[in-house]
Each structure stands twice: as C-alpha cells, then as structure tokens.
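**Q** sequence first, then the predicted structure, then my questions.
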Amino acid sequence: MSTYATPPAGLPPQGKTLDERAVFTPAYAYVPADTMRDITTSFLPGWTGMRMWIIARPLSGFAETFSHYIVELAHLGGADRPETNPRAEGVIFVVAGHGELTIAGQTHLLRPGSYAYLPPGSDWTVKNDHADAFTFHWLRKAYVPADGIGVPAAFVSHDDDAPRIEMPETGGKWSTTRFVSPTDLAHDMHVNIVNFLPGGVIPFMETHVMEHGLYVLEGTAEYRLNDDWVTVGPGDYMWLRAFCPQACRATGDGPFRYLLYKDVNRHVALTI
C-alpha cells in the first residue's frame, strides 16, 4: 500500500539552520517540502474551512499551461462551486484523509490514492465530512478543443486500480501509472504517477516540448534539472519549463514515485 507525502505546515523552530535548498532558475524551479508552511498558504472565495499551497502557476516564459494547488480541507470544509472558470479542466489526486466529490449529482467517496478527472464546465462539489483533514492535489488547465473530437467525460479512479506500464527493457524498475490512455486524443493533459524501484534510472537527458510539474509522493532520488543534480524527497516539487533537460536516478531502499503533469496532443500555439 502506497503512502503519500503532504505539506509539513506549521513553522520551523527559530533555531533551525537555513539550508537554502529552494531554487528558482530560468529553466526550472525546485520547491522543497520544507517551504510549504502555514505562512505560505492561500485561500479562495466561496470555500469554507480550506487553505491551499499554490506550487505552480502560469508565468510568461516559464511553465505557461497549468496551475497546481495542494488543497487542505478541515472538518466540514468544502465548496459548492469550486471551479469558476468554464474553460478550466481539472484533476484531483488525494494524498490524505477522506472526502466526498459530487459530479453531476453523483457522489464519490475519496480516499488516499483517489484520482478524478473533471472536464471543463463540470458541475461538481467537494466537501470533508470527516474529523481529519482532507488533502488533495488540484491541477488546472485551460482545455484546448480539437476539431472532430469531443470533450472527455468525467471519471474517478484510484492509484491501486490504474494500470502500471513498464518502460521497455527496464525489468519493471521504471514504470508509469496511467489514468488516461496516451492514444485518447480528447485529453490535452496527462497527470500520471511515475514509479521507480531502487536502482531505477532515466538513462538519458529527456529534452522535450512538454512542460512538467513533479510532486514527490514517496521515496528519494537524485534528479537532474538542466545543469544541476538535485537531491529530492517526499513532498518536494519540481517545475520544468519546456525543453529543460532532465534525468533521474532513484536512491534509497523503497520506491520513488512522483505525480507528473504534462501538456499533450495539441498543436503548438503560434503568434503571428
């Protein structure tokens, strides 16, 4: 059974040594878990009992296609109209607690590992009727329609139920948990889980047009970001602009897993 990192919240003690691990460069940002404290939370109108960490947002010349929140709902917290942008699609991935997601009148009980896709214009609500905090990732993107292809339908799944696709010739040391088929062209973004067993590697410098947001769910690794090898662990976040070179080598005795966003399956927007 998988466990999932959550923000540490609170506040470090005054005697803590500043480790200066956070990095923001023209090619990537590295946001360590230790930065996700009470004083870096935000709130949204129309919600009750909620706070969130905004760990990615569109910035000109950087990651431009998506936003990424970590939302924490207290007991009885939630919203009857969470999404106010009719163009925005979303993905929810639960990392702690239990909650209720209602889509078009149908209620789904969510638990750690639950995954939901929410197409643009969805009628959905979310709430926490439980005593413990309910924490989930919420990724948002402006949906890009495609001629002759309809908007994807909403669905709810779970980490335990989605297929793990092994990368060729890796012996299962590198795989991807896919909630959406790569051949389903109705989807213009993928939010997957990338899995490495001890000793697993990305054995080349990936360099591609897709933007990335990577949140470490569990385990440790050395991750190559442009010119730098960065030591990453549970709750750390990486934000990569298009064409930022990347590679990975898993460390430690257990699995290394991260939630991965990327934009896919559409023409490149042109300015003419």
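**A** That came in fine, so what should we check first?
**Q** show the contacting residues for the residue lying closest to Met167 once chain neighbours are set aside.
**A** The shortest distance from Met167 to any non-neighbouring residue, by C-beta to C-beta, 6 or more residues apart in numbering, is to Trp174 (4.4 Å). Where you see a C-beta, it was placed from the backbone N, CA and C, and this is true even at glycine. Residues counted as contacts of Trp174 (C-beta atoms under 8 Å, 6 or more residues apart in numbering) are 166-167, 194-197, 200-202.
**Q** from those residues, which single one is nearest Asp159?
**A** Nearest to Asp159 among the contacts of Trp174 is Asn195, at 10.1 Å by C-beta to C-beta.
**Q** tell me the spacing between the closest residue to Thr84 other than its chain neighbours and Ala154.
**A** Leaving aside its sequence neighbours, Thr84 sits nearest to Gly46 (C-beta to C-beta, 6+ apart; 7.5 Å). Distance, Gly46 to Ala154, using C-beta to C-beta, to the nearest Å: 20 Å.
**Q** and Cys248, how many neighbours?
**A** Other residues within reach of Cys248, judged by other C-beta atoms under 10 Å, total 23.
**Q** doesn't Pro203 make contact with it?
**A** No: judged on C-beta atoms under 8 Å, Cys248 makes no contact with Pro203 at a distance of 9.3 Å.
**Q** low-scoring stretches of the stretch 1-150 of the chain, by residue?
**A** Scanning the stretch 1-150 of the chain for pLDDT under 70 picks out 1.
**Q** pLDDT score for the residue nearest to Met167?
**A** Listed pLDDT for Trp174 reads 98.
**Q** ok, the one 3 residues further on next?
**A** We have a pLDDT of 98 for Thr177.
**Q** quick check: which element contains the closest residue to it other than its chain neighbours?
**A** Closest residue to Thr177 apart from its sequence neighbours, by C-beta to C-beta, 6+ apart: Ile193 at 3.9 Å. Per DSSP states H and E: Ile193 is located in strand 189-196.
**Q** can you name every helix or strand that the helix or strand following that strand contacts?
**A** Sequence order places strand 201-206 as the next helix or strand after strand 189-196, per DSSP H and E. Where contact means 3 or more C-beta pairs under 8 Å, 6 or more residues apart in numbering; DSSP states H and E, strand 201-206 is packed against strand 246-251.
**Q** what's the angle from the strand it packs on to strand 201-206?
**A** 170 degrees (axes from the mean of the first three to the mean of the last three C-alpha atoms, to 10 degrees).
**Q** check which helices and strands strand 246-251 sits against.
**A** Under the contact rule (3+ C-beta pairs under 8 Å, 6+ apart), strand 246-251 is packed against strand 201-206, strand 220-225.
**Q** quick one: the strands in the stretch 51-200 of the chain?
**A** 66-79, 88-96, 99-103, 106-110, 114-118, 124-127, 134-142, 155-158, 164-166, 174-177, 189-196 (DSSP state E, counting those that start in this stretch).
**Q** columns distance to Trp229 on top of those, output as a markdown table?
**A** Formatted as a markdown table, these follow (distance: least, C-beta to C-beta, whole Å):
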| stretch | distance to Trp229 |
| --- | --- |
| strand 66-79 | 23 |
| strand 88-96 | 26 |
| strand 99-103 | 37 |
| strand 106-110 | 36 |
| strand 114-118 | 30 |
| strand 124-127 | 38 |
| strand 134-142 | 26 |
| strand 155-158 | 33 |
| strand 164-166 | 25 |
| strand 174-177 | 18 |
| strand 189-196 | 16 |
